[in-house]
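Asker: quick check, what structure comes out for this input:
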Amino acid sequence: MENPLPGPTQPPWTPPHRTVPLDYLEGDTSEVLRGYRYELLVECRQYYIHRKSVTPYTSRFGYGFAIQSDSRYGDKNTATLWTTRHTWQTFRLKAGSAEYRTLMDLPEYGKLLEAVGQDYPPGSLTSELTATLAQVLQLWAAAKDDGRNHLDLRPVDEVVAARLNPFVRAWLCEDNI
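Answerer: Numbers count the residues shown, from 1 in each chain. Just a heads-up that it's a prediction; the model follows:
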């Protein structure tokens, strides 16, 4: 299909990190340009930066938007961000942050929660707690898969996994005997 608008079209562009984890970057990030999405779109237009470079960031102080470059300036363990000096600066991700994997095995959790839900009558406290935890885990998984969340999900993963992984493993081992 031909382009109905005159002029060249921009190719599809995806930043290397869907959400930039500022707390997990090595170095001083104080000069990274942050702000509202519309402010950064004006900056992108002014300096001929692709508009999809505006990327959400998270930090312990909150969240917002930053301008992120594509991966040609570094490998997957780096993030290249636009600074207040109108230059690109490359930051290394701290060890372990790039290779983060979930501690929870959601299919196993689903099996356990379904079995617990069947053991108790509907409307009981245990049944309702089981259903609530299943919904929380579904929301957690959707937020992790979507990548558009503004919260760092690692603490949720660590808390739930630390408390429930031993029970899930014991239940699965008992089931296989």
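Asker: so residue 70 makes contact with residue 52?
Answerer: No: applying CB atoms under 8 Å, one finds residue 70 not in contact with residue 52, separated by 9.6 Å. Where C-beta positions appear, they are placed from N, C-alpha and C, glycine not excepted.
Asker: the nearest residue to residue 49 once chain neighbours are set aside is in what secondary structure piece?
Answerer: Once flanking residues are discounted, residue 49 sits nearest to residue 67: 6.3 Å by CB to CB, 6 or more residues apart in numbering. Per DSSP states H and E: residue 67 is located in strand 62-67.
Asker: in this protein, which spans are helices?
Answerer: Assigned by DSSP state H, the helices in the chain fall at 37-46, 106-119, 125-146, 154-176.
Asker: quick one: distance of the shortest one to the chain centre.
Answerer: In terms of CA atoms, centre = their mean, to the nearest Å, the centre of helix 37-46 is set 23 Å apart from its chain centre.
Asker: what's in contact with that helix?
Answerer: With contact meaning CB atoms under 8 Å, 6 or more residues apart in numbering, helix 37-46 is reached by 33, 49, 50, 51, 53, 54, 65, 66, 67, 82.
Asker: those residues, buried ones only, as a ChimeraX selection?
Answerer: Buried residues among the contacts of helix 37-46 (16 or more other CB atoms under 10 Å), as a ChimeraX selection:
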select :33,49,53,54,65,66,67,82
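Asker: which ones among the contacts of helix 37-46 map onto strands?
Answerer: 54, 65, 66, 67, 82 (DSSP state E).
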